[in-house]
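Colleague: Below is the structure, and that's it, no one-letter string:
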């Protein structure tokens, strides 16, 4: 029997003979959950159940790196909607999150961004746990990576599970954008990560998880090779609706599967890796959250944790700096191959602005009216350290009741100030000599100023799909988990996903979520002597 047939037969058997209890139940197969499930299943003596609300990742839009944008709004996308926002001229945003094996790592742009040194040292300071420090997580990055770029033994690893490389054979406009950034005073590097993210910022070709034009997802890298193991069960189309408690101890999860509600026990631990929207939702549905909010919708309180659903963050992306091509060039790889990081204020300790070159324009719904007729490319500024904070609220006690998502994007004036500086720098880069051979004209925003530019920015902000921080780790009254990722006041319940970040990391969030999964697995194995 071939390996694929053996894997299919093994998982089919385990699905039809689903046990009432496993040692570990991991909820969510995204960039953290897949890591936790794999690392726990490496011990053949323990049983692991991995639950995923979505379906298979066997779709050309998932596997073909060039087609990743087709996943947005598809059946592989949760497709959350935010509340209309007066700071975005009354617009509601589509907040995409992966609803498929691999979660976000199966529908995203495949960018591998480690975060800045100061992000990780901030996590360590917030928790008092040195294991979250940059030096500690750097060792994990080196262990899990199979790096195919310029050698850097101090910072990059080889032979790990994840094939990582700089954008291969890039569109000529991408290295030109790196040179353009240098021309305005931003230093350039051979590596998007490494030393570049230990200092003031810089410009480089992106690191990506793609190989021979195909996506390298976290699920495929971590879980798929273990599907023939009898101690690992992966169940798709399985919606986790609640955690079940015995007193203050998590003992089981409630799962909607095949049209029925099932109760699946966890002998040792339950790990929530459902992402920054669904993890707080399940916690609140289970009676863990702000007691007033829970009583408002008729849910019995198990543990009062007012920080559940608070501190919600996403990077702010302005999709409004667009140029017409001199001669059209087809996009390559993931279509966004060059990036730079810089500071809106030189007094900051960490770069707070990011500029991504996109080889075809992505416009916000309102800006689509200004859709350029000619082939075009873009550089999009993004605010990496937003000061605005959103929140999540239940609208009812039933798992089918939608969430009220108040993203509160751009509500803090500091974010608009930083974005306007970003737009100015973006235009300097885009209109520089290095990019002139590729440019017929600047289409937008042009020389807008003052309130007109601010209104234009309000129309052009789109989500970066880096929703995080809604169940943060720390030691203050609004923290939901401690530095070991254990939910305060609850036994045998841990969170491992982007919701635990105290603040959103600098750059795309897939790589930090993998680190969160690795750290969670280390902690669990140590606790249980595995």
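Modeller: Cool, got the structure. In this text, all values refer to a predicted model and were calculated from it rather than measured experimentally.
Colleague: from here on, contacts and neighbour counts on C-alpha atoms
Modeller: Noted.
Colleague: tally of neighbours for the closest residue to residue 96 other than its chain neighbours?
Modeller: Using Cα to Cα, 6 or more residues apart in numbering and skipping residues adjacent in sequence, the residue nearest residue 96 is residue 79, 4.8 Å away. Using other Cα atoms under 10 Å, residue 79 is surrounded by 17 other residues.
Colleague: what's the answer for the one 3 residues further on, then?
Modeller: Number of residues near residue 82 (other Cα under 10 Å) recorded here: 19.
Colleague: Quick check, pLDDT for residue 18.
Modeller: Residue 18 is assigned 79 on the pLDDT scale.
Colleague: and what of residue 368?
Modeller: Residue 368 is given a pLDDT of 66.
Colleague: For this structure, give me the ranges with low pLDDT.
Modeller: The chain contains residues with pLDDT under 70 at 1-17, 363-373.
Colleague: can you pull the buried residues of stretch 350-364?
Modeller: 350-364 (16 or more other Cα atoms under 10 Å).
Colleague: roughly how far out does that stretch sit from the chain middle?
Modeller: Taking Cα atoms, centre = their mean, to the nearest Å, one finds the center of stretch 350-364 at 16 Å from the center of the full chain.
Colleague: List the contacts of the strand or helix carrying residue 517.
Modeller: Counting by DSSP states H and E, the element that carries residue 517 is helix 510-528. For helix 510-528, contacts defined as Cα atoms under 8 Å, 6 or more residues apart in numbering pick out 31-36, 39-40, 104-105, 111-115, 137, 140-141, 218, 484-485, 496-498, 505.
Colleague: Please apply the same query to stretch 398-418.
Modeller: Taking Cα under 8 Å, 6+ apart as the rule, stretch 398-418 contacts 81-83, 85, 87-88, 241, 281, 285, 312-313, 316, 344, 353, 383, 386-396, 454.
Colleague: can we see that at 6 Å?
Modeller: For stretch 398-418, the external contacting residues (Cα atoms under 6 Å, 6 or more residues apart in numbering) are 82-83, 87, 241, 344, 386-388, 390-395.
Colleague: Can I get those residues in a markdown table including distance to residue 262 and secondary structure?
Modeller: Below are the contacts of stretch 398-418 laid out as a markdown table (distance: Cα to Cα, whole Å; DSSP: H, G, I helix; E, B strand; the rest coil):
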| residue | distance to residue 262 | secondary structure |
| --- | --- | --- |
| 82 | 30 | coil |
| 83 | 32 | coil |
| 87 | 43 | helix |
| 241 | 10 | strand |
| 344 | 51 | coil |
| 386 | 40 | coil |
| 387 | 41 | coil |
| 388 | 39 | coil |
| 390 | 33 | strand |
| 391 | 30 | strand |
| 392 | 26 | strand |
| 393 | 26 | strand |
| 394 | 23 | strand |
| 395 | 24 | coil |
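Colleague: which of those sit farthest apart?
Modeller: The span of those, defined through Cα to Cα, is set by 241 and 344 at 42.2 Å.
Colleague: returning to that earlier point: narrow the buried residues of stretch 350-364 to those in strands?
Modeller: Secondary structure assignment (DSSP state E) places 353-358 from the buried residues of stretch 350-364 within strands.
Colleague: Reformat those residues as JSON lines; add distance to residue 464.
Modeller: Output for those, formatted as JSON lines (distance: Cα to Cα, whole Å):
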{"residue": "353", "distance to residue 464": "13"}
{"residue": "354", "distance to residue 464": "12"}
{"residue": "355", "distance to residue 464": "12"}
{"residue": "356", "distance to residue 464": "11"}
{"residue": "357", "distance to residue 464": "14"}
{"residue": "358", "distance to residue 464": "13"}
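Colleague: quick revisit: in helices, which of the contacts of helix 510-528 fall?
Modeller: Mapping the contacts of helix 510-528 onto helices (DSSP state H) picks out 33-36, 39-40, 137, 140-141, 218.
Colleague: Among the residues you listed, which one lies nearest to residue 301?
Modeller: Taking Cα to Cα as the measure, residue 33 is the one of the ones in helices among the contacts of helix 510-528 closest to residue 301, at 26.6 Å.
Colleague: quick one: contacts for the spatially closest residue to the closest one that is not a sequence neighbour?
Modeller: Computed as Cα to Cα, 6+ apart, the closest residue to residue 33 that is not its neighbour in sequence is residue 273, at 5.1 Å. Neighbouring residues of residue 273 by Cα under 6 Å, 6+ apart: 27-28, 33, 496-497.
Colleague: Compare those residues and tell me which has the most neighbours.
Modeller: So for the contacts of residue 273 (other Cα under 10 Å), the most neighbours sit at residue 33, 37 neighbours.
Colleague: Distance check, that residue against residue 81.
Modeller: Using Cα to Cα, to the nearest Å, we find residue 33 at a distance of 24 Å from residue 81.
Colleague: Any idea what residue 49 is bridged to?
Modeller: Per DSSP bridges, the residues bridged to residue 49 are residue 25, residue 233.
Colleague: residues of stretch 385-399 that come out buried?
Modeller: Buried-residue list, stretch 385-399, by 16+ other Cα under 10 Å: 385-394, 396-397, 399.
Colleague: To clarify, my last question referred to stretch 68-79.
Modeller: Neighbour count says stretch 68-79 has 68-69, 71-72, 76-79 buried, by 16+ other Cα under 10 Å.
Colleague: Wait, a helix at residue 244?
Modeller: No: applying DSSP: H, G, I helix; E, B strand; the rest coil, one finds residue 244 to be strand, outside a helix.
Colleague: if you skip the residues just before and after it, what's nearest to it?
Modeller: Residue nearest to residue 244 in three dimensions, not counting chain neighbours: residue 252, with 5.1 Å by Cα to Cα, 6+ apart.
Colleague: what's the helix or strand containing the one you found in contact with?
Modeller: Residue 252 belongs to strand 249-257 when assigned by DSSP H and E. Strand 249-257 is contacted by residues 238-245, 261-266, 490-493 when judged by Cα under 6 Å, 6+ apart.
Colleague: Would you mind listing which of those are buried?
Modeller: If you count burial by 16+ other Cα under 10 Å, the buried members of the contacts of strand 249-257 come out as 238-245, 262-266, 490-493.
Colleague: hmm, back to that, are any of the ones in helices among the contacts of helix 510-528 buried, and if so which?
Modeller: 33-36, 39-40, 137, 140-141, 218.
Colleague: what's the residue lying closest to residue 498 once chain neighbours are set aside sitting at in phi/psi?
Modeller: Leaving aside its chain neighbours, residue 498 sits nearest to residue 468 (4.9 Å; criterion: Cα to Cα, 6+ apart). Phi and psi for residue 468, reported as degrees, to the nearest 10, are phi -150, psi 170.
Colleague: and residue 468, what does it touch?
Modeller: By Cα under 6 Å, 6+ apart, residue 468 lies in contact with 276, 313, 498-499.
Colleague: does it have beta-bridge partners, and which?
Modeller: Going by DSSP bridges, residue 468 forms beta bridges with residue 313.
Colleague: sorry, back to before: check the gap between the residue nearest to residue 33 and residue 53 for me.
Modeller: If you go by Cα to Cα, the gap between residue 273 and residue 53 works out to 12 Å.
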